[in-house]
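Asker: model the structure of this input:
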Amino acid sequence: MSAHSATRLTTYAHGGGCACKIPPGELEEVLSGLPSPHHDEVLVGLNNGDDAAAVRLDGDTALLSTADFFTPVVDDAYDWGRIAAANALSDIYAMGGTPKVAINLVGWPRETLPMELLAEVLRGGLAVAEQAGCPLIGGHTVDDPEPKYGLSVTGIAPADQLLRNDAAEPGMPLTLTKPLGLGLLNNRHKATAEVFPEAVETMASLNRDAAEAVVAAGLRAATDVTGFGLLGHLFKMCRASGVGAQLDAQAVPMLEGAAEALRDGYVSGGTRRNLDWVRDHLSAGPGIGEDDLLKLADAQTSGGLLVVGEVPGYPVIGYTVPSGPDGRAGGISLR
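Answerer: Residues are numbered from 1 along each chain as shown. Take a look at the predicted model:
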């Protein structure tokens, strides 16, 4: 923990981490009015809301680009920097790529919070970037009423090995590489100042090893689970790929303390909006209640990879099917 941990950073923001994202339904409505760029070099663009943009750099290599930043998810400045950096780098890993360079993105209430705290945030981001072997050089800062931090990251990947959210095929296992419950625990932390070390380390952990295992296994469909929750990101993947999914709710791993946070009502507004967005596409089996749905819709920050295919060492939580329970692509059934 940093020397400045007594400052409760989460109290300076209306929401925390990826739960502060614009709701997916509202975002899609905005983007629907924008023309999709038509360039021969674009491999992955706006169409399916994938994790990063991809353009062909040469015959064999794709250039990946992403940006991700958010309000404080924990009170410790150094940990927030680590988490935000790992979250931004995850977009490159979720495409099967290697991050090559990153820059800082900062919004800071300079008359409210000391600059020493900002230095701690940047130091945390630098530590994770160095762990990833990715140079973190410079960036951009603005004076902002709410503190915000993240990275813009550029990476590369073999053009014929990209992991995409529109490449899922039916009849394959679904693998999740980090447990859920991050949003619930973060929301409890914001409300009570309780610290959950396992959640912090889970969020600060890179998805690099998981991504390398996915590519080595020859798999081609993946996305990371962040602000739209497991259900939201799975729905986007199924819809983009023209398939459905069957989830085993009991097989989905949860962080210690998350069930208690759910029981005690520490559910973010972002999580409830996620569930509202996908509810019409869900078919819940016997014994699946509202709490189960909220758990699966929990807005994650720096969550794991959701992979179509089996990845050694990680739990299988369901499988893809030819179409949803109502016959529509994108439908999800729960048992």
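
Asker: can we go C-alpha only for contacts and neighbour counts from here?
Answerer: Noted.

Asker: who are the contact partners of Thr7?
Answerer: By C-alpha atoms under 8 Å, 6 or more residues apart in numbering, the contact set of Thr7 is 75-76.

Asker: give the helix, strand or coil label for it.
Answerer: coil (DSSP: H, G, I helix; E, B strand; the rest coil).

Asker: just the residues contacting the lowest-mean-pLDDT helix or strand in the chain, thanks.
Answerer: Within the chain, confidence by mean pLDDT, DSSP states H and E is lowest for helix 24-31 among all helices and strands, at a mean of 75. Residues outside helix 24-31 that contact it (C-alpha under 8 Å, 6+ apart): 228, 274, 277.

Asker: got it, and stretch 98-105?
Answerer: Residues contacting stretch 98-105 (C-alpha under 8 Å, 6+ apart): 69, 89, 92-93, 122, 132-141, 148-157.

Asker: now restrict those residues to buried residues only.
Answerer: With burial judged by 16 or more other C-alpha atoms under 10 Å, the buried subset of the contacts of stretch 98-105 is 69, 89, 92-93, 122, 132, 134-136, 148-157.

Asker: next, the contact list for the most centrally placed residue in the chain, please.
Answerer: Closest residue to the average C-alpha location of the chain: Thr226 at 2.3 Å, with C-alpha atoms, centre = their mean. Contacts of Thr226 were listed using C-alpha under 8 Å, 6+ apart, and they are 18, 233, 299-304.

Asker: please redo it, this time with the cut-off set to 10 Å
Answerer: Residues near Thr226 by C-alpha atoms under 10 Å, 6 or more residues apart in numbering: 17-19, 21, 87, 90-91, 180, 182-183, 232-233, 298-305.

Asker: spatially nearest residue to Gly97 (excluding sequence neighbours)?
Answerer: Ala157 (4.3 Å; C-alpha to C-alpha, 6 or more residues apart in numbering).

Asker: how near is the one you found to Phe69?
Answerer: To Phe69, Ala157 is 23 Å away according to C-alpha to C-alpha, to the nearest Å.

Asker: need the strands for the stretch 101-250 of the chain, in chain order.
Answerer: 136-143, 148-158, 173-176, 221-224, 244-247 (DSSP state E, counting those that start in this stretch).

Asker: the last one: partners in the sheet, and parallel or antiparallel?
Answerer: The partner list of strand 244-247 in its sheet, established with DSSP bridges, is strand 316-321 (antiparallel), strand 332-334 (parallel).

Asker: what's it in contact with?
Answerer: Counting by C-alpha under 10 Å, 6+ apart, 168-174, 231, 234-235, 237-238, 281-284, 296, 316-335 sit against strand 244-247.

Asker: before we move on, the earlier item: what's the spacing between the residue nearest to Gly97 and Pro99?
Answerer: From Ala157 over to Pro99 the distance is 9 Å, taken as C-alpha to C-alpha.

Asker: overlap in contacts of these two?
Answerer: 63-64, 92-93.

Asker: what would those residues look like in TSV with secondary structure, distance to Val44 and pLDDT?
Answerer: Compiled in TSV, the shared contacts of Ala157 and Pro99 are given as follows (DSSP: H, G, I helix; E, B strand; the rest coil; distance: C-alpha to C-alpha, whole Å; pLDDT from 0 to 100):
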residue	secondary structure	distance to Val44	pLDDT
Leu63	strand	10	96
Leu64	strand	9	97
Ile92	helix	13	97
Tyr93	helix	15	98
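
Asker: CSV for these, including distance to Glu256?
Answerer: Below are the shared contacts of Ala157 and Pro99 laid out as CSV (distance: C-alpha to C-alpha, whole Å):
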residue, distance to Glu256
Leu63, 38
Leu64, 35
Ile92, 28
Tyr93, 26
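
Asker: report the two of these separated the most.
Answerer: Maximum pairwise distance in the shared contacts of Ala157 and Pro99, criterion C-alpha to C-alpha, is 12.7 Å, between Leu63 and Tyr93.

Asker: which neighbours do those two share?
Answerer: 52, 99, 155-157.

Asker: in the protein, what spans have low per-residue confidence?
Answerer: Low-confidence segments of the chain, defined by pLDDT under 70, are located at 1-5, 15-21, 37, 48, 324-329.

Asker: the residue of the chain positioned farthest from its centre: what's it in contact with?
Answerer: Farthest-out residue of the chain from its mean C-alpha position, per C-alpha atoms, centre = their mean: Glu111, at 31.1 Å. For Glu111, the contacting residues are 143-145, by C-alpha under 10 Å, 6+ apart.
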